[in-house]
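Engineer: Sequence and predicted structure, then a few things I'm wondering about:
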Amino acid sequence: MAGDAASKVYVAPGKYDEFYLFTSGGFSGQMGVYGLPSGRLLRNIPIFSQDPQSGWGYSEESKPMLNTSHGFVPWDDSHHPELSKTNGEDDGRWIFINGNNTPRIARIDLTTFKTVDIIEIPNAGGNHASPFCTENTEYVVGNSRFSVPLDGKDDVPISTFKENFKGAATFIKVDPQSGNMSVSFQIVVPGFNYDLAHAGKGVSKDWVFFTSYNSEQAHNLLEVNASQNDKDFVMAINWKKAEALVAQGKGKKIPAKYMHNTYSDKTHSATSTEEKEVTVLFAEEVPEIIYYIPCPKSPHGCDVSPDGKYIVASGKLAATIPVFSFEKLQKAIESKAFEGKVGGINVLKYDAVLAGEVPGTGLGPLHTEFDDKGFAYTSFFVSSEIVKWDVEKRTVVDRAPTYYSIGHLCIPGGDSKKPSGKYVVALNKITKDRYLPTGPELNQSAQLFDISGEKMQLLLDFPTIGEPHYAQAIPADKIVKNSKKFFKIEDNGNPFVIKSEAEAKVVRTGKKVDVYMTAIRSHLNPDNIEGIKMGDEVYFHVTNLEQDWDVPHGFAVKGNNNAELLIMPGETQTLKWVPDRAGMFPFYCTDFCSALHQEMQGYARVSPASANVPLTFSGGATAAEEPKK
Ligand code: K7E
Ligand code: CUA
C-alpha cells in the first residue's frame, strides 16, 4: 500500500463521491449502491427479494412485482447489473439486473432507484447470460445457464437431454421512451450451458456474443462430465438479422406462460400481466444469423473491447486468454471457414477467428473490463489477481494480487464505448482475514485500485452486501441531475390516496375494513380506530402528505404477520393486517421523522366477531361510513 492511498479515497464529510457503483446482491436478490472512491454504502435497492425495511414485496402495492408463472416468488439470485446505454455509453437512465433462479430481468429507474419493471423469461432455466444490452439499449438479452426442454414439453426423462434440452437466447425489447420491457423473440439453440454475454459495439454493434460450457451436454456430475471437451463455444448471433427475420414473419408463435410486472410512479402500485405466447426462431432453421466460435475449456466471461473489434472469452480452465477478432469473424463467415456443424449451427475454425492468445496471464480467468488507454483487465479466480494486458499487442503489462479469489471486476464504463481510466474494483468471493471476524460468515468484499498510472495501486477494501458478482459504475453527474426528491401529491393516482387529513376515513365493506390514513409530521390520522372485529381483513392505506426531500414515514402494527411500510413523501402504500385476537393493537411510525416522532402513534381496538362496537375513528367522536350492503 502506498502512503497516499488514504487521501485518494477520502471524500470529506458533506462531499459527494465521483462515481456511483452498483453491485449485484447475488443471493440477496437485490442491488447495492456505493460511492466511489469512498466505498461508502448509499443504498440497497430491493428487487427480486422481499425487503422488510422498505416493505417491498410486503405492501399490497409492491407484491405483484414478485409474481411469476410459479406464483409469488419472493427471492432470487441477482448477478449482473447493466446500465442502459445510448451510443454505447452508459446514459444513467436505467439499470437492469438478472434473476438467475426463476428466470427474470428487472429494470430499475435511476431517478427513483426503484424497481419498476420485472419480466419473466419463458423456456429458460438459470437466466445467467443476462441482461447485457445492445448499443442503444434496443434489447437486453438472456439465456439459459441450465438448458431445459421448452415449457409445456418438459415432463421428459433427463436421459433425453441431448434430444430435448435447449438453450433460449432471449431478446427483450426495451421501449426507448418508457423503458418498458417485452419479450421480442427467442432463438432456440442447442442445450449447452450459456454462461455470459455481451453485445458488440461500434463495428460489431449488430451482434451479441454468448459464452457456453458443457458442449458435452452432460446432465450429471458436470464437474467432471462437462470438462471433457478441449473446446466449448462462443455463440455469435447477428441480432439485427434475427430481428429482420422475425419482422418478415419467420418466427413461430408458441404457447408460453410468463409474467410481466410493472410499477407506476403515478399510482405507486404494481400491475402484473400474464403473457401467453412467445415468438421463437429455431437455430437450425436460421444458420445465416448464428455461429459457434470454438473457445478453450469451459469459458465464463464474454467481453467486448470499447471499439467493438475484439471479443475476449475466458476459458476458466485454460491458462491463456483467447482474443477473437470481429473482422476475422466476418471474413471467416464470408469464406465459410467452417470445421463442421453442431446442432445445425456452423462451427467456425478457431484459428480463422482468433486474433491471438494472451500468454503468461494467470490461472482461472473469469472476466475482463477495459480502460480508456487500450488496456484490458482480467480477473483470475484461481491465482487471485487482476492482470492488465495490452489489447492490441496482447502482452501482459501489470498484475496485482486480490484478497481473495476475485470473481468479476468493474471499471466505471468498463463494458461501454467510453470507459474511465481511473479505478478498477475487484469483487472478491472470499474475505477470510481482511476484517474483524463475524463468526463463520463474513461479508463479501470489494477492493478499489487506482489504475490511472502504469501500475495498479490498491487503495481500499470495503465489505459488500450479499454476493456481488458483477458491478457497474457511472460518473455521478449522469444520475444526480435527474434524481427525484419526492413524489408530487397532486400526481398521486393510487386508488386509495387521500390528499388531505380532512379526507381520512375508515370504510367497512363486509369483512373488509379500509383505513384511509395520512402521515405528516408528527401524527397519523386517524389515530384511534374502534369497531374492527375478529375475522376482518384490515387494509391501512397510508398516504405520506410530506412534500419535502428525505421525509419518509414508516407504519407498523403489533402482531402483524407482515413487515412495515416505508412511505415516501407523496406516496400511498397499503399494509394488510388480519388481527389474530381481540384486543388493543398499537400502531406507529417506524422512521424517526421529527422531534415528536415518538408521538406518531395510535391504537386499533379489535373486538370479538359477535360484539356490536360501532366502527369509529380518530378521537372516537367521528362515525365511520355505514357498512355497504
Ligand atoms: Cu462470474 Cu454469475 Cu457473472 Cu459470479 S458470475 S463471478
Ligand atoms: Cu413519521 Cu416518525
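Structural biologist: Looks like it came in fine. Ligands and ions are numbered 1, 2, ... in the order given.

Engineer: is it fair to say Ile105 lies in a strand?
Structural biologist: Yes. Using DSSP: H, G, I helix; E, B strand; the rest coil, the assignment for Ile105 is a strand.

Engineer: which residues does it bridge with?
Structural biologist: When bridges are taken as DSSP bridges, the partners of Ile105 come out as Asn98, Ile119.

Engineer: Now for it: which residues touch it?
Structural biologist: The neighbours of Ile105, taking CB atoms under 8 Å, 6 or more residues apart in numbering as the test, are 96-99, 118-119, 121, 127, 130-131, 140, 142, 172, 181. The way it works is simple: take the backbone N, C-alpha and C, and place the C-beta from them, glycine included.

Engineer: Indicate the residue of the protein located nearest to ligand 1.
Structural biologist: Using CB to the nearest ligand atom, the closest approach of the chain to ligand 1 is made by Gly407 at 2.7 Å.

Engineer: My guess is Gly570 contacts Phe487. True?
Structural biologist: Yes. Here Gly570 reaches Phe487: they are 3.3 Å apart, a contact under CB atoms under 8 Å.

Engineer: Look at these two and report which has more neighbours.
Structural biologist: For Gly570 against Phe487, the residue with the higher neighbour count under other CB atoms under 10 Å is Gly570, and the figures read 25 against 21.

Engineer: for that one, helix, strand, or coil?
Structural biologist: On the three-state scheme (three-state DSSP), Gly570 is labelled coil.

Engineer: Now do the contacts for it.
Structural biologist: Listed by CB under 8 Å, 6+ apart, the contact set of Gly570 reads Phe486, Phe487, Lys488, Ile489, Asp491, Asn492, Asn544, Leu545, Glu546, Gln547.

Engineer: and with 6 Å instead?
Structural biologist: Each residue near Gly570 by CB atoms under 6 Å, 6 or more residues apart in numbering is listed here: Phe486, Phe487, Lys488, Ile489, Asn492.

Engineer: Go through these and name the one nearest ligand 2.
Structural biologist: Of all those, Phe486 has the smallest distance to ligand 2: 14.4 Å, by CB to the nearest ligand atom.

Engineer: Next, the contact list for the nearest residue to that closest one once chain neighbours are set aside, please.
Structural biologist: What sits nearest to Phe486 in space, not counting adjacent residues and going by CB to CB, 6 or more residues apart in numbering, is Pro569, at 3.7 Å. Taking CB under 6 Å, 6+ apart as the criterion, Pro569 is in contact with Phe486, Asn544, Glu546, Gln547, Asp548, Val551.

Engineer: try it again with 7 Å
Structural biologist: Phe486, Phe487, Asn544, Glu546, Gln547, Asp548, Val551, Pro552 (CB atoms under 7 Å, 6 or more residues apart in numbering).

Engineer: Please apply the same query to Gln547.
Structural biologist: Counting by CB under 7 Å, 6+ apart, Gln547 has contacts Phe486, Ile489, Pro569, Gly570.

Engineer: give me that answer again for 10 Å
Structural biologist: By CB atoms under 10 Å, 6 or more residues apart in numbering, the contact list for Gln547 reads Lys485, Phe486, Phe487, Lys488, Ile489, Glu490, Ile520, Pro569, Gly570.

Engineer: And what about it, helix, strand or coil?
Structural biologist: Classified using three-state DSSP, Gln547 is coil.

Engineer: mind checking pLDDT for it?
Structural biologist: Looking at Gln547, its pLDDT stands at 98.

Engineer: ditto for Ala236
Structural biologist: As summarised for this prediction, Ala236 has a pLDDT of 98.

Engineer: ok, and the closest non-adjacent residue to it?
Structural biologist: Nearest-residue entry for Ala236: Tyr291, 4.8 Å, with adjacent residues in sequence omitted and distances by CB to CB, 6+ apart.

Engineer: okay, whichever strand or helix holds the one you found in CSV with CA atoms only?
Structural biologist: Using DSSP states H and E, Tyr291 falls within strand 290-296. Output in CSV follows, covering the C-alpha atoms of strand 290-296 (Å, rounded to 0.1, in the frame of the first residue of the first chain):
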residue,chain,number,x,y,z
ILE,A,290,-25.8,-17.7,-35.8
TYR,A,291,-22.3,-19.2,-35.5
TYR,A,292,-20.2,-21.0,-33.0
ILE,A,293,-16.6,-20.0,-32.3
PRO,A,294,-14.6,-22.7,-30.6
CYS,A,295,-13.1,-21.5,-27.3
PRO,A,296,-10.7,-23.2,-24.9
